[in-house]
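Engineer: quick one: sequence plus predicted model below, questions after.
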Amino acid sequence: MQAHSSRDDARGQNQDGPSLESCRVQLDVFEGPLDLLLYLIRKEEIDIYDIPIARVTGQYLRYLEMMKVLNLSFAGEFLAMAATLLYIKSWMLLPPEERTEEVEEPVEDPRAELVRQLLEYRQFKEVADDLEEKESLHYRTFQRHDTSAPPLEMVERPLCDVGIFDLLTAFSEVLDRAGKREGFHEVLEEDITVPDQMDLILRRLREQKELIFHLLFPKEAGCTMIIATFLALLELIRMKKVIAVQERPFAEIKILAR
């Protein structure tokens, strides 16, 4: 997961740093709408062959709302999928007699096409992951070592790298714990900038081996601080200065320095 920020690199042009409104995050390798649906299915332990469309649609739209509020740039495919989900939801809310009105042949469950797409996409992802693992194994086995270069420090890595949806889930939980969801759209006037929060995260990582995600956000943090800190974390991940990992899927997220 990578991200771009359109903030001015020259801090000298703005002594206070960029405002949150000017900090736009563009993900270079952004997981798509099918990734989000598969993530929700795994997270909620949903039967992919019997998707509770109303529940999934509500959660899907909530993630899109978070991305919009955070000024994350996402492809139009996300909106197209949202429209598809809303159509399926509205169709399933109709009485059975209205679904087949003026239609001679039985109407297929509109979820069927979505399930087919998800199953096919999941299969491709599994094959891609398998090929990536084989490539990694080949690299580790046959890597040609440069004896002139100092040896790299071996770091024990947890099992899972964290994706954008894991981060958004953790971000949402921070807002819930802080009781800020009602005022989520409200940006308070606080002297907090994204570059300042980036510096703070890096300083803390120099003092500690790892940081727990939710501890990045003080209990008394306001909306501006929470958003600025989260955007700072995305920018540091993009810059490859930190990595976000989990010991297992959906576990606590840890932030490590590269």
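Structural biologist: Happy to help now that I have it. Numbering: from 1, shown residues only.

Engineer: okay, now Gln208: neighbour count?
Structural biologist: When neighbours are counted by other CB atoms under 10 Å, Gln208 registers 13. Bear in mind the C-beta positions are built from the backbone N, C-alpha and C, glycine included.

Engineer: mind starting the numbering at 623 from now?
Structural biologist: Fine by me, first position is 623 from now on; the one you just mentioned is Gln830.

Engineer: give the contact list for it.
Structural biologist: For Gln830, the contact set (CB atoms under 8 Å, 6 or more residues apart in numbering) is empty.

Engineer: need the pLDDT of it.
Structural biologist: Gln830 carries a pLDDT value of 92.

Engineer: from Ala879, how far off is it?
Structural biologist: Per CB to CB, to the nearest Å, Gln830 is found 9 Å from Ala879.

Engineer: quick one: mean pLDDT for the longest helix along the chain?
Structural biologist: In the chain, assigned by DSSP state H, the helix with the most residues is helix 733-764. Mean pLDDT, helix 733-764: 82.

Engineer: equivalent analysis for stretch 857-875, please.
Structural biologist: The pLDDT scores in stretch 857-875 average 90.

Engineer: do the same with stretch 839-847
Structural biologist: 84.

Engineer: can you give me the helices in the chain?
Structural biologist: According to DSSP H, the helices that the chain contains are 655-665, 675-691, 698-715, 718-721, 733-764, 786-800, 816-829, 845-860.

Engineer: a markdown table for those, including distance to Phe839 and mean neighbour count?
Structural biologist: Output for the helices of the chain, formatted as a markdown table (distance: least, CB to CB, whole Å; neighbours: other CB atoms under 10 Å):
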| stretch | distance to Phe839 | mean neighbour count |
| --- | --- | --- |
| helix 655-665 | 21 | 19 |
| helix 675-691 | 15 | 16 |
| helix 698-715 | 26 | 14 |
| helix 718-721 | 46 | 10 |
| helix 733-764 | 31 | 12 |
| helix 786-800 | 5 | 18 |
| helix 816-829 | 10 | 16 |
| helix 845-860 | 5 | 22 |
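
Engineer: quick one: which of the ones you listed is nearest Val867?
Structural biologist: Val867 sits nearest to helix 786-800 of all those, at 9.9 Å, using CB to CB.

Engineer: output that closest one in CSV with nothing but the alpha carbons.
Structural biologist: The C-alpha trace of helix 786-800 is given here as CSV (Å, rounded to 0.1, in the frame of the first residue of the first chain):
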residue,chain,number,x,y,z
ILE,A,786,-5.4,0.0,3.5
PHE,A,787,-8.7,-1.5,4.7
ASP,A,788,-7.0,-2.8,7.9
LEU,A,789,-5.8,0.7,8.6
LEU,A,790,-9.2,2.2,7.9
THR,A,791,-10.8,-0.3,10.2
ALA,A,792,-8.3,0.6,13.0
PHE,A,793,-8.8,4.3,12.3
SER,A,794,-12.6,3.9,12.6
GLU,A,795,-12.2,2.1,15.9
VAL,A,796,-10.0,5.0,17.2
LEU,A,797,-12.9,7.4,16.3
ASP,A,798,-15.4,5.2,18.1
ARG,A,799,-13.3,5.0,21.3
ALA,A,800,-12.8,8.7,21.2
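
Engineer: and it with helix 655-665, angle?
Structural biologist: Going by axes from the mean of the first three to the mean of the last three CA atoms, to 10 degrees, helix 786-800 is angled at 60 degrees with respect to helix 655-665.

Engineer: which residues are in contact with helix 786-800?
Structural biologist: When contacts are defined by CB under 8 Å, 6+ apart, helix 786-800 is touched by residues 623, 649, 652-653, 657-658, 661, 665, 684-685, 688-689, 692, 803, 806, 835-836, 839, 841, 843, 848, 852, 855-856, 866, 868, 872, 875.
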